[in-house]
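> Quick check, what structure comes out for this input:
(chains A and B)
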Amino acid sequence: MRRDITPCLWALFSVGGTVAAVLFPIHLFLTGLAFPLGWIEAPGYESVLNLVRHPLARIYLFVLISLPLFHGAHRFRYTLYDGLKLKHLTLLIVIMCYGGALLGTVAAAVTLWSIP
Amino acid sequence: MSAPVQYTLYHPKWYRRAVSVWWWLENWSYTKFVLREITSVFVAFFAVIYLWQLRALVSGPDAYADFMARLESPLFLTLHVVAFFFVLFHALTWFNLAPKAMVLRLGGKRVPDFVIVALNYLAWFVASIAVAWFFLRG
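Numbering: from 1, shown residues only, chains lettered A, B, ... in the order given. Modelled structure (predicted):
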């Protein structure tokens, strides 16, 4: 019997959306704007590495990258359906969206695991 | 005397108005809805940027310096300005919809919507300060 995973996808959408809403603005502001523009001095290589090395920091970064990817994948999937009326391409869209999020999740796990 | 009733056959595809792909530009609230949905692209974009930064960090000081220099290019600054506004739009719409998604009851009474919204904004504020503190304390 095939189990329907749609409720799980909505839960991921919801949790990932909360993570993105609470944490992305500050991270994006610092990394994307304040550091490159020199408004705030960026922490150096060694101090970032020391910060990221901590197991809790690795878990945090895993959550920070993976869950918003699933949130984005889920929302984008329905955007393609409603906005561009692509319902006939369901299977392709589902594979591209969640496959992409899954790929990013695996890449994040591997990268975080290999921090020296 | 009434005329005999004329029945028509049931026809599931009787008439459908053709809807343009640009239906959401007809009305501002539809446009807002689509802008909110498009925030997903920028959320995913920034997650990928962060992943990329992490890979640069693992690759060593030179790769990390290259990555940080790349963020200073006009292309990335422009992308990040746009992404910042979309991510902010996501955050605001998310918090403002929170009471519709999450109904809390205390002592048999429903917690008012503005309390839930305020708690979300408070959590946002505290988390932002905490993240900034971790980056800047060095």
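> for chain B, what spans make up the strands?
Assigned by DSSP state E, chain B shows strands spanning B:105-106, B:109-110.
> Tell me the spacing between the residue in chain A that chain B sits nearest to and B:Phe125.
Here chain A gets closest to chain B at one residue, A:Gly32, 3.1 Å apart by C-beta to the nearest C-beta. Just so you know, the C-beta spots here come from the backbone N, C-alpha and C atoms, and that holds for glycine as well. Look at A:Gly32 and B:Phe125: by C-beta to C-beta, to the nearest Å, they are 20 Å apart.
> circling back to that earlier point, worst mean pLDDT among the strands of chain B?
Note on the strands of chain B: lowest mean pLDDT is at strand B:105-106, with a mean of 81.
> Could you check how far that one is from the centre of its chain?
How far strand B:105-106 lies from its chain's middle: 28 Å, per C-alpha atoms, centre = their mean, to the nearest Å.
> ok so, going back, could you list every residue that touches the nearest residue to the residue of chain A closest to chain B once chain neighbours are set aside?
Closest residue to A:Gly32 apart from its sequence neighbours, by C-beta to C-beta, 6 or more residues apart in numbering or on different chains: B:His80 at 3.1 Å. Residues near B:His80 by C-beta atoms under 8 Å, 6 or more residues apart in numbering or on different chains: A:Leu28, A:Gly32, A:Leu33, A:Pro36, B:Leu71.
> Out of these, who's the most crowded?
A:Leu28 (26 neighbours; other C-beta atoms under 10 Å in any protein chain shown).
> Give me the distance between the residue nearest the centre of chain B and chain A.
With distances taken as C-alpha atoms, centre = their mean, B:His90 lies nearest the centre of chain B, 3.3 Å away. When distance is defined by C-beta to the nearest C-beta, to the nearest Å, B:His90 is 6 Å away from chain A.
> Show the average pLDDT along stretch B:76-92.
Rounded mean pLDDT across stretch B:76-92 is 97.
> Can you list the buried residues in it?
By 16 or more other C-beta atoms under 10 Å in any protein chain shown, the buried positions in stretch B:76-92 come out as B:Phe76, B:Leu79, B:His80, B:Ala83, B:Phe84, B:Phe86, B:Val87, B:Leu88, B:Phe89, B:His90, B:Ala91.
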